[in-house]
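K.L.:
Model the following, please.
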Amino acid sequence: MSISSLTTRWWLMLKASAAITMKRHQDAIDAYRQILALRPDDKEARAVIGNLYAEAGDLASAVKEFERLVQLDPTQADAWFNLGFLHDKRDELAAAERCFRKAVELRPTLDRAWYGLGLVLVRDGRLEAAIEAFERNVKLQPHSPYGYFQLAMTHHHLGQSAEAWQVHRQLSEFEPKFAATLKRDLEQTVPRAASRISPGSSPKKEETTAEAA
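P.N.:
Numbering: from 1, shown residues only. You can find the predicted model right below:
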């Protein structure tokens, strides 16, 4: 890139930054589009545009940007995670699972991708596989309550009461208030396994207190 192009890029970055500060997402997107016109393989600009679309609620456009980004660089674990998150928001579970698995394949320590994978597997009814994902999450994030919450509830839904309460005890050691919420949900939510055994039962709606890592 020439010195002139570098100077233009720097000026456009300042313009985009100011637009973001003022919550003028479209102006920021336009500035980054001009950066891409100078350098189509600018991965940073592509990622920021994707995030701006996501923040504005335009998930379809955000997906397109992150798809272009992983085509430019298939090794970007964060981009695969973001793409998985967006597919999950759009209820595209198969695509979300594929992206989260790619993210952890590239970076096995990406704890939030294990968490996202676990949530997708729960929604898809694959609880045993979800437990494995949540266990990876809590090992990587031993002091974040969200993975523990989901791990305990998944054990609970499989009818594995002892395991669920063991996770609750672990959570109580460092997050007692969150553990109290988990205790309430364990006591009030009918396990999915029990619901399947008793088709006529009316399980209470499960709380979704912990939805994000």
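
K.L.:
Could you list the low-confidence segments of the chain?
P.N.:
Along the chain, the model assigns pLDDT under 70 to residues 1-6, 193-213.

K.L.:
now the strands: where do they sit in it?
P.N.:
Using DSSP state E, no strands are found in the chain.

K.L.:
Which elements pack onto the longest helix along it?
P.N.:
Longest helix of the chain, by residue count under DSSP state H: helix 3-21. On a contact count with 3 or more CB pairs under 8 Å, 6 or more residues apart in numbering; DSSP states H and E, helix 3-21 meets helix 25-38. Every residue, glycine included, has its C-beta placed from N, CA and C.

K.L.:
Which positions within the helix it packs on qualify as buried?
P.N.:
His25, Ala28, Ile29, Ala31, Tyr32, Gln34, Ile35, Leu36, Leu38 (16 or more other CB atoms under 10 Å).

K.L.:
chain center to it, what's the gap?
P.N.:
Mean-position distance between helix 25-38 and its chain equals 26 Å (CA atoms, centre = their mean, to the nearest Å).

K.L.:
cool, stretch 106-126 as well?
P.N.:
In terms of CA atoms, centre = their mean, the centre of stretch 106-126 is found 8 Å from the chain centre.

K.L.:
Equivalent analysis for stretch 147-158, please.
P.N.:
With CA atoms, centre = their mean, you get 17 Å for stretch 147-158.
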